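Trainee: Provided below are the primary sequence and the corresponding predicted coordinates.
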Amino acid sequence: QVQLVESGGGPVQPGGSLRLSCTASARTFSVYTMAWFRQAPGKEREFVSAISWIGGRADADSVKGRFAISRDNDRKTVYLQMNNLKPEDTAVYYCAAGDRITTGQAMNPPKYAYWGQGTQVTVSS
């Protein structure tokens, strides 16, 4: 069983930045593809970014050039640096982990076995 704990959410003004963190309890963190999804009120959960166990990355078109995912295997942590935030980025952000998911499959939520509780990001002036 893998537990994921997210942190770093909060309120921010449009154009601002936040960095989300997700720390895993997994003994073999390095074999997991890690991803961020988000869910806004009244909307379905949507893919944001993923980084595979070998460092491949995938990003949703809506965040390309603004968000950057990275991982630190020694710290068992994945990060999401979010810049130039927009009101439409407001959502609960969830961290997810799945064993060796390819970047081609990374946008598919059922591929991920483990999910965090979520952290709220609110972009508003």
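Mentor: Structure's in. What do you need?
Trainee: tell me where this protein has strands.
Mentor: In the chain, the segments counted as strands under DSSP state E are 4-7, 10-12, 18-24, 32-39, 46-51, 57-59, 67-72, 77-82, 91-99, 114-115, 119-123.
Trainee: so what are the sheet partners of the first one and their directions?
Mentor: Meaning strand 4-7. Neighbouring strands of strand 4-7 in its sheet, by DSSP bridges, are strand 18-24 (antiparallel).
Trainee: list the buried residues for the partner strand?
Mentor: Neighbour counts over strand 18-24 (16 or more other Cβ atoms under 10 Å) mark Leu18, Leu20, Ser21, Cys22, Thr23, Ala24 as buried. The way it works is simple: take the backbone N, C-alpha and C, and place the C-beta from them, glycine included.
Trainee: between those residues, which is nearest Asn83?
Mentor: Distances from Asn83 to the buried residues of strand 18-24, taken as Cβ to Cβ, are shortest for Leu18 (8.7 Å).
Trainee: what bridges to that closest one?
Mentor: As for beta bridges, Leu18 partners with Met82 under DSSP bridges.
Trainee: isn't it up against Tyr79?
Mentor: No - with contact defined as Cβ atoms under 8 Å, Leu18 does not reach Tyr79; the gap is 10.7 Å.
Trainee: in the protein, which residue is most central in space?
Mentor: With distances taken as Cα atoms, centre = their mean, the chain has Trp36 as the residue nearest its mean C-alpha position (2.0 Å).
Trainee: measure that residue to Ser7 for me?
Mentor: Trp36 sits at a distance of 13 Å from Ser7 (criterion: Cβ to Cβ, to the nearest Å).
Trainee: shared neighbours, the two?
Mentor: Shared contacts of Trp36 and Ser7 (Cβ atoms under 8 Å, 6 or more residues apart in numbering): Leu20, Cys22.
Trainee: could you dump the buried residues of strand 18-24 to a markdown table with distance to Gly56?
Mentor: Shown next, in a markdown table, are those (distance: Cβ to Cβ, whole Å):
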| residue | distance to Gly56 |
| --- | --- |
| Leu18 | 24 |
| Leu20 | 20 |
| Ser21 | 21 |
| Cys22 | 18 |
| Thr23 | 21 |
| Ala24 | 18 |
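Trainee: all set now, cheers.
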